[in-house]
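Q: Structure here, sequence nowhere to be found:
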Ligand SMILES: Nc1nc2c([nH]c(=O)n2[C@H]2C[C@H](O)[C@@H](COP(=O)(O)OP(=O)(O)OP(=O)(O)O)O2)c(=O)[nH]1
């Protein structure tokens, strides 16, 4: 990953709410951050709008469709391999959408918001959780 703080890799993620719960996905073995939990999503392709990338990634990873309720503040985070800029979107499943299934993740879990602060969360997601738990 060739990225600097001035030119980070753009990543989108979905905070999918269902009632009081939010969907977390566990990163699979063999990938960066393997075993850690994240919000589903992925890298924005060249020429793609962030929301477009979000819908594409969710269909690929979970086979579901969402409606975006709110865009959160982007998080700039440095990993050993470079910088990412993470764009969080608060979503709900679209009426009639299929249930999310883990096509690429090890496991999916629905957690209460207060349980999002966990040590095995992808580090770039920590400010997202802080934003969710401490709205301005
Ligand atoms: N999808 C997603 N990725 C996240 C989150 N938090 C976080 O640090 N990331 C990182 C992990 C990856 O390095 C990158 C997203 O890459 P990706 O999910 O599209 O693809 P990948 O696993 O093949 O990525 P990589 O191994 O090449 O880094 O952003 C998150 O909440 N959701």
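A: Cool, the structure landed. Keep in mind it's a predicted model, so treat the numbers as computed, not measured.

Q: Any idea how far the top helix by length along the chain is from the middle of the chain?
A: If each helix of the chain is counted by residues according to DSSP state H, the longest one is helix 50-62. Offset of helix 50-62 from its chain centre (CA atoms, centre = their mean, to the nearest Å): 10 Å.

Q: same check, this time on stretch 60-73
A: The offset between the C-alpha centroid of stretch 60-73 and the centroid of the whole chain comes to 9 Å, using CA atoms, centre = their mean.

Q: Please apply the same query to stretch 67-74.
A: Stretch 67-74 has its average C-alpha position 11 Å from the chain's average C-alpha position, going by CA atoms, centre = their mean.

Q: For it, list every residue counted as buried.
A: Burial within stretch 67-74, assessed by neighbour count using 16 or more other CB atoms under 10 Å, is assigned to 72, 74. To be clear about C-beta, it is placed using only N, CA and C from the backbone, and glycine gets the same treatment.

Q: Any idea how many residues pack against the residue nearest to residue 109 when sequence neighbours are not counted?
A: Spatial nearest neighbour of residue 109, chain neighbours left out: residue 24 (5.3 Å); criterion: CB to CB, 6 or more residues apart in numbering. As a burial measure, residue 24 scores 25 neighbours (other CB atoms under 10 Å).

Q: The chain: helices as residue ranges?
A: Secondary structure of the chain (DSSP H): helices located at 50-62, 126-133.
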